[in-house]
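Visitor: build me a model from this:
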Amino acid sequence: MEKNIKQQHRSSLKIVVFGPESTGKTTLAKQLAAHYNAAFVPEYARIYAEAKQQKGEKLTSEDVVPIAKGQLRLECKASENRLLICDTDILSTITYARLYYPEFKSETLKKYAEKNTAAFYFLTYIDTPWEADGIRDLPHKREEAFLEFQQTLKTYNQPHILLKGSIEARFQKAIAELDKRLKAY
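Guide: Presented below is the predicted three-dimensional model:
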């Protein structure tokens, strides 16, 4: 199953909003996509989890690879656009796999992630209120989750900035950073 994941080549600039649950990622990613008239790539893990939940099923470690594949499909579909704003990516899938299934290991996903990271990451901090939505379930592990996400970016040596504060403050800081990057692109 894992061997079906392939590197996708694209000429678009991929930016990822990255961080633990309930930190404003989706809101920020949609704001940025609208501001730049860019392609918005949703979080496939949420789509997948909601579909399983509707069937009365729970996520297991067997779902990690299908989630990674689904995220890839969404990114590839949008990659014809010059700018992609992604609400998470494969590094998020790997990070959540470590949080939920510490025994889960996948060299294929690791190798794929090394080749398919973004041009830049916005790491969202946990200073926003946690909101239950039927999918989120780690309110007691927000600090641990944030540290895992931060460590993932360090492990994969990914360029990023930390976004803290209100949704508006995060949006303005992200725009300032992205404007600089777009000029250089």
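Visitor: same for the helix or strand bottoming out on mean pLDDT in the chain, what does it pack against?
Guide: One helix or strand of the chain scores below all others by mean pLDDT, DSSP states H and E: helix 107-115, with a mean of 87. Judged by 3 or more CB pairs under 8 Å, 6 or more residues apart in numbering; DSSP states H and E, helix 107-115 is in contact with helix 64-78, helix 90-100. C-beta: built from backbone N, CA, C; applies to glycine.
Visitor: relative to residue 166, which of those is closest?
Guide: helix 90-100 (22.8 Å; CB to CB).
Visitor: buried stuff in the least confident helix or strand of the chain?
Guide: 109, 112, 113 (16 or more other CB atoms under 10 Å).
Visitor: try stretch 128-135
Guide: For stretch 128-135, by 16+ other CB under 10 Å, it's residue 128.
Visitor: over to stretch 66-80?
Guide: Under the neighbour-count criterion of 16+ other CB under 10 Å, stretch 66-80 has 67, 68, 69, 70, 71, 72, 74, 75, 78, 79 buried.
Visitor: report pLDDT for the third one.
Guide: What it means is residue 69. Per-residue pLDDT puts residue 69 at 92.
Visitor: follow-up on the earlier one: so for residue 23, which of the helices and strands packed on helix 107-115 sits nearest?
Guide: helix 90-100 (11.5 Å).
Visitor: can you give me the mean pLDDT across that closest one?
Guide: Model confidence over helix 90-100 averages 95 on the pLDDT scale.
Visitor: show me what that helix is in contact with.
Guide: Residues outside helix 90-100 that contact it (CB atoms under 8 Å, 6 or more residues apart in numbering): 16, 18, 43, 45, 59, 61, 64, 67-68, 71-72, 104, 106, 109-110, 112-113, 116-117, 121, 138, 141, 144-145, 148-149, 152-153, 156, 158.
Visitor: just the helices in the chain please.
Guide: Ranges of helices in the chain, per DSSP state H, are 25-36, 44-54, 64-78, 90-100, 107-115, 142-155, 167-184.
Visitor: number of nearby residues for residue 24?
Guide: 21 (other CB atoms under 10 Å).
Visitor: how about the spatially closest residue to it that is not a sequence neighbour, phi and psi?
Guide: Counting by CB to CB, 6 or more residues apart in numbering, residue 24 lies nearest to residue 128, which is 5.2 Å off, once chain neighbours are set aside. Here is the backbone geometry of residue 128 (degrees, to the nearest 10): phi -100, psi 150.
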